[in-house]
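Peer 1: Got a predicted structure here, sequence first:
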Amino acid sequence: MRPFPLVSTLALTAALALQGCADRPRDVRSAPPPSAAAAGAVQVPSQLPRNVRPIHYTISAAPDAANLRFTGQIRIDIEVLEPTDTITVNAADLDFASVTLDGGARARVSTDADAQTATFRFEDAVAPGRHRLAIDYSGKINTQAAGLFALDYTSEAGPKRALFTQFEAPDARRFFPGWDEPNFRTPYDLSVRVPAGQQAVSNMPEAGREPQADGSSIVRFQTSPAMSSYLLFLAVGELDRITTTAAGTEIGVVTRRGAGEQGRWALESSARIVPWYNEYFGTRYPLPKLDNVAGPGTSQFFGAMENWGAIFSFENILLVDPAITTEARRQAIFSVAAHEIAHQWFGDLVTMAWWDDLWLNEGFASWMASKATAALHPEWEPELGRVDGREQAINLDSLRTTHPVVQRLQTVEQISQAFDAITYEKGEAVITMLEDYVGEQAWRNGVRAYIQRHRLGNTQSDDLWGAVDEASGTPVTEIAHQFTLQPGVPLIQVESARCVGGRTQVSFRQGQFSRDDPDAQPLSWRVPVIAQAGGRPLRALVTGQMQATVPGCGPLVVNYGQAGYYRTLYAPDLIAGLTRNYARLRPLDQIGLLADNWALGLAGYQSPAVGLDLVQAAPANGNAQLLARISNILGQIDDMYENDPAHRAMLARFAAEKLGPAMRRLGWAPRANEPANDAVLRGQLIAVLGGIGDPQVVAEARRRFAADDPSVTAGPLRGTILAIVAYHADEATWERLRTMAREERNPLVKVQLYQLLGGVREEALARRALALALTEEPGATNSSQIIGSVAGVHPDLAFDFALENRARVEPLVDASSRSRYFAALGGGSSDPAMIEKLGRYAERHMTAQSRAPADRAIASVRDRIRVRQQQLPQISRWLEARRG
Ligand SMILES: [Zn+2]
């Protein structure tokens with residue numbers, strides 16, 4: 001899923017941002033080029049033997065929610081390709097009661113917990129041809145989102161428990177034994193025992209229901225089309241479902257009972273998105289219905305999942321609750337729904353052959369969501385958010401610990417680690433660039449041909465490039481390979497620009513942008529560059545050193561339109577000219593130029609003063625998203641001054657001057673019919689100024705909290721105000737917030753309140769929040785979020801605590817995500833001691849293949865220390881000079 005687009009200052013980010021933890025696996029700079037493993041060939045050791053393949057699954061499950069167990073019966077139609085006396089399948093945490101073949105031969109079963117497999121041994125060799133395996137087994141209902149899992153919540157009628165499944169990456173094996181790899185596509189017949197008064201939802205509509213003597217029912221679903229195991233879905237609980245119809249497809253939103261109407265925004269949005277995709281893909285949505293199922297609670301690593309025909313989303317990213325939902329969140333709900341619905345074609349109808357090409361699913365769905373949002377909600381100016389995605393990707397991709405977009409993945413942990421900003425945001429950025437390069441129509445024709453050709457099949461990246469090459473007549477494969485098979489960020493240096501006869505003669509040099517290895521020999525890319533100097537934009541593929549002539553003699557903007565995945569470094573006289581003309585540039589280029597120059601300054605390619613001069617030059621009544629980014633930069637500087645009150649105060653004065661006019665214009669009260677992005681900016685400015693410690697904003701937030709102001713009881717500013725109050729809380733305030741969290745009945749609000757308790761500046765209270773996380777009180781899926789919130793403000797404290805209490809913290813985190821979780825807690829530190837601590841943690845608790853998250857965290861701590869030593873003094877001088 002896409003992270004929340006407007007992130008704010010540290011503490012508030014931790015409290016308010018969506019979960020979703022960017023990670024960067026091991027250094028694969030010198031790794032051999034990856035190749036996806038196609039069905040039929042064993043290339044990855046963790047893949048199953050290819051001597052048998054599944055043809056059809058029939059699964060009956062009977063959950064025992066109270067005891068967190070379930071029993072299952074599965075019939076698997078298989079094709080044996082060569083004689084064998086063993087059949088190996090994926091299975092994790094399953095107990096086998098009996099395994100028989102063709103109603104006769106019983107198998108001996110052995111399991112391998114590390115490999116997550118079960119092997120069935122038969123007395124006699126099984127002959128090639130069709131057979132049927134019948135397996136009776138049982139398994140666990142987990143309390144974190146993996147396999148079949150339970151989410152407990154409070155309701156007016158008391159405590160409740162609902163069950164859901166989450167199978168991506170490979171966790172279907174926790175629910176049924178089988179071939180749990182994306183390249184095995186089969187139809188599924190699923191049925192489930194549902195207690196009286198409860199409902200069940202799966203990928204397909206209900207096909208029948210048999211009442212049982214005890215009041216329960218066996219609910220049977222229609223046969224699914226052939227699909228990958230990670231896309232199967234089941235939910236059981238006391239559920240509401242609201243529906244509508246769009247372009248002949250039944251669209252539904254499923255919630256806990258009583259919350260149905262809160263799904264209305266997502267329902268209406270989905271009903272607009274599906275017809276738009278029908279048209280774009282040129283292939284109609286292929287299933288009879290599409291549900292989006294809301295689960296109360298959270299996960300550390302995902303917000304929503306694209307199960308075919310039955311998307312799962314945590315409530316905070318699906319439901320609009322007038323008690324807390326901000327405008328920014330309302331927009332994010334649309335964009336996450338657009339991402340998951342795009343997967344219904346790109347991912348579900350056509351699926352990557354192996355996890356190496358995960359980016360093809362995720363990068364494409366992210367790109368498609370931005371495109372649909374731009375078409376259906378142009379007033380949100382989603383194209384301006386494109387720069388944020390690019391920055392998130394470059395942030396990971398500019399350190400030595402990065403990896404190529406297409407990467408070789410072998411172990412379950414590596415697959416889990418692959419869900420990062422390289423896969424999502426760099427994937428999206430590369431697709432944006434290539435679409436811009438070949439043209440919108442030609443690109444769409446390529447996508448349509450790809451979907452047509454591979455529907456109900458599995459693919460590799462080159463299948464997409466081939467389709468685009470063919471449809472557009474413009475070869476993209478070579479450029480695409482340079483950006484997806486090799487890691488890193490191109491740097492385009494604009495060495496000189498001269499006006500000659502009404503045209504600008506420009507000298508470019510292609511290098512590589514790196515924050516921790518700037519002197520290394522740069523990799524080579526052919527970079528699609530667009531440059532504009534007041535006239536018609538020039539398009540060129542830049543590699544090595546080259547000259548170009550750009551029509552016009554105005555200020556030269558490189559990466560005009562910001563579709564390119566690279567950084568632009570201007571010669572000093574050129575950036576000075578752009579700074580003088582900054583207020584006249586288009587908002588998209590203002591945002592891109594600011595992002596580039598701020599990052600180049602922090603990385604040491606130029607002085608950070610260049611970026612600060614752009615901040616200074618930004619118009620006070622500038623675009624809302626430009627002001628939001630400026631506020632992010634000021635928040636980032638504020639974090640660096642944690643032990644320097646004098647400069648912190650200087651920065652606060654600059655922030656008040658720069659953002660004050662917008663804050664005064666917007667005020668604290670929403671205005672009728674105001675632009676949606678004004679509402680987003682209001683929340684952002686209050687959050688950042690509150691985090692920086694702006695006395696007026698903090699005082700106003702506290703006043704409202706103390707007075708039980710209606711804006712604190714409900715409404716779009718509620719979370720923001722409470723986050724400021726929590727961040728600056730004293731003991732009495734913190735305890736009052738905790739009482740609010742404990743007594744809250746609305747699960748959506750409860751999650752938020754518990755997270756806020758961790759985002760506190762006072763260290764003693766942060767310790768109290770950590771202790772609270774280990775109690776039963778917050779609920780199984782909220783505890784790890786509290787520790788994560790503490791890490792947003794006190795990374796060292798949170799990391800040390802989690803490690804000291806490792807045995808108690810681990811069960812609070814999704815099993816496949818633990819290696820990322822601990823490293824991420826320490827990754828925000830700027831203490832040199834953390835480098836050694838992370839290294840020690842990796843040596844003790846991680847395998848050589850899975851230690852990438854620790855290495856990434858170490859690289860990020862080192863970079864933060866470097867910036868504070870080398871760049872912060874220059875930032876301070878800039879602030880001092882401004883004062884004088
Ligand atoms: Zn996705």
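Peer 2: Ah, there it is.
Peer 1: Going by C-alpha atoms from here, please, whenever you check contacts or count neighbours.
Peer 2: Fine.
Peer 1: Note down every partner strand of the helix or strand where residue 55 lies and its orientation.
Peer 2: In the assignment (DSSP states H and E), residue 55 maps to strand 52-64. Sheet pairing of strand 52-64 (DSSP bridges) gives strand 69-80 (antiparallel), strand 188-194 (parallel).
Peer 1: show me what contacts the nearest residue to residue 555 once chain neighbours are set aside?
Peer 2: Spatial nearest neighbour of residue 555, chain neighbours left out: residue 533 (5.4 Å); criterion: C-alpha to C-alpha, 6 or more residues apart in numbering. Each residue near residue 533 by C-alpha atoms under 8 Å, 6 or more residues apart in numbering is listed here: 504, 550, 551, 552, 553, 554, 555, 556, 557.
Peer 1: count of neighbours near residue 800?
Peer 2: Using other C-alpha atoms under 10 Å, residue 800 has 16 neighbouring residues.
Peer 1: nope, residue 584 is what I meant
Peer 2: 12.
Peer 1: confidence score at it?
Peer 2: On the pLDDT scale, residue 584 is placed at 96.
Peer 1: Now do it against residue 528, distance only.
Peer 2: 25 Å (C-alpha to C-alpha, to the nearest Å).
Peer 1: circling back: please identify the most buried of the strands paired with strand 52-64.
Peer 2: strand 188-194 (a mean of 23; mean count of other C-alpha atoms under 10 Å).
Peer 1: then it to PDB, C-alphas only?
Peer 2: C-alpha atoms of strand 188-194 as PDB (Å, rounded to 0.1, in the frame of the first residue of the first chain):
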ATOM      1  CA  TYR A 188     -10.400 -22.900  -5.100                       C
ATOM      2  CA  ASP A 189     -13.600 -24.200  -3.500                       C
ATOM      3  CA  LEU A 190     -13.900 -23.000   0.100                       C
ATOM      4  CA  SER A 191     -16.400 -23.600   2.800                       C
ATOM      5  CA  VAL A 192     -16.400 -22.600   6.400                       C
ATOM      6  CA  ARG A 193     -18.400 -23.300   9.600                       C
ATOM      7  CA  VAL A 194     -19.900 -20.100  10.800                       C
END
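Peer 1: Touching it from outside, list them.
Peer 2: Counting by C-alpha under 8 Å, 6+ apart, 56-63, 200, 216-226, 236 sit against strand 188-194.
Peer 1: which among those end up buried?
Peer 2: The neighbour-count criterion (16 or more other C-alpha atoms under 10 Å) marks 56-63, 200, 217-226, 236 among those as buried.
Peer 1: want to try a markdown table for the strands paired with strand 52-64, with mean pLDDT and distance to residue 356 as columns?
Peer 2: Below are those laid out as a markdown table (pLDDT from 0 to 100; distance: least, C-alpha to C-alpha, whole Å):
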| stretch | mean pLDDT | distance to residue 356 |
| --- | --- | --- |
| strand 69-80 | 98 | 26 |
| strand 188-194 | 98 | 25 |
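Peer 1: got CSV for those, with distance to residue 576 too?
Peer 2: Converted to CSV, those look like this (distance: least, C-alpha to C-alpha, whole Å):
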stretch, distance to residue 576
strand 69-80, 66
strand 188-194, 63
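Peer 1: coming back round to it: off-centre distance for the strand holding residue 55?
Peer 2: Offset of strand 52-64 from its chain centre (C-alpha atoms, centre = their mean, to the nearest Å): 30 Å.
Peer 1: send the alpha carbons of it over as PDB?
Peer 2: C-alpha atoms of strand 52-64 as PDB (Å, rounded to 0.1, in the frame of the first residue of the first chain):
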ATOM      1  CA  VAL A  52       3.800 -32.600  -8.700                       C
ATOM      2  CA  ARG A  53       1.500 -29.700  -9.400                       C
ATOM      3  CA  PRO A  54      -1.900 -28.800  -7.900                       C
ATOM      4  CA  ILE A  55      -4.900 -28.600 -10.200                       C
ATOM      5  CA  HIS A  56      -7.800 -27.800  -7.800                       C
ATOM      6  CA  TYR A  57      -8.300 -27.200  -4.000                       C
ATOM      7  CA  THR A  58     -11.400 -28.000  -2.000                       C
ATOM      8  CA  ILE A  59     -11.000 -26.700   1.500                       C
ATOM      9  CA  SER A  60     -13.400 -26.900   4.500                       C
ATOM     10  CA  ALA A  61     -12.500 -25.000   7.600                       C
ATOM     11  CA  ALA A  62     -14.000 -25.100  11.100                       C
ATOM     12  CA  PRO A  63     -12.600 -22.300  13.300                       C
ATOM     13  CA  ASP A  64     -12.800 -22.500  17.000                       C
END
